[in-house]
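Peer 1: Here is a sequence together with a model predicted from it:
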Amino acid sequence: MLLVLAVLAGAHLWQTRHVPSGPVPDLPLLLSTGESTTLSAWRARHPGQPVALHVWAEWCPICRAEEHNITRLQTDWPVLTVAMQSGGAAQIQRVLDQRSLPWATVVDDSGALARRLGVQSVPALLVLDAQGHLRAASVGYTSEIGMRLRLLWARALSRAPA
């Protein structure tokens, strides 16, 4: 059992090795609706709350398996999804509409935004605390409860005395 846990922990560390720690830079964002914004402006819509950034791809079967987790998560937490290498805004919006996904989604056709976030494979979940610091990262399938626990952890860290 300990060996399995050690292997899983090692795999997690390897998969998230490029994800930077600390404050996440303010990035320009183009949403699938055509709206332009920045990460800080989007975060400002959710003051005092941790937020989840979910990086996915239209062609990724594991991402598809996570769709319901993300949809349920966003009913209680701010979630911004990033469609990596999945086409332009119109293509991504078509996918969201076809799959009935009510997500706020950033267009990242080239994968450049994901790379700036340190994401090299999908799906990936990044959790930022209320101050915009990265508090958790995971790559691969993440259960809904796993996502919620990461957000609760980020909230607790935000409220902890310095």
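Peer 2: Structure received. Numbering: from 1, shown residues only.

Peer 1: just checking, Gly146 touches Ser138?
Peer 2: Yes. If you go by Cβ atoms under 8 Å, Gly146 and Ser138 touch, sitting 7.1 Å apart. For glycine as for every other residue, the C-beta is placed from the backbone atoms N, C-alpha and C.

Peer 1: Neighbour count for the two, which is higher?
Peer 2: Neighbour totals were compared for Gly146 and Ser138, and Ser138 leads with 18 against 14 (other Cβ atoms under 10 Å).

Peer 1: Now do the phi/psi pair for that one.
Peer 2: phi -140, psi 150 (degrees, to the nearest 10).

Peer 1: Report how many residues lie close to Gly118.
Peer 2: Around Gly118 there are 17 residues (other Cβ under 10 Å).

Peer 1: Report pLDDT for it.
Peer 2: pLDDT recorded at Gly118 is 91.

Peer 1: which SS state does it fall under?
Peer 2: coil (DSSP: H, G, I helix; E, B strand; the rest coil).

Peer 1: That one and Leu29, how far apart?
Peer 2: To Leu29, Gly118 is 17 Å away according to Cβ to Cβ, to the nearest Å.

Peer 1: Over to His54?
Peer 2: 14 Å.

Peer 1: For this protein, which segments count as helices?
Peer 2: Here the chain has its helices, by DSSP state H, at 2-15, 39-44, 61-73, 89-98, 112-116, 144-159.

Peer 1: any idea of the angle the longest one forms with helix 61-73?
Peer 2: The one in question is helix 144-159. 60 degrees (axes from the mean of the first three to the mean of the last three Cα atoms, to 10 degrees).

Peer 1: Please work out which residues outside helix 144-159 touch it.
Peer 2: 48-50, 52, 68-70, 72-73, 76-77, 125, 127-131, 135-136, 138, 142 (Cβ atoms under 8 Å, 6 or more residues apart in numbering).
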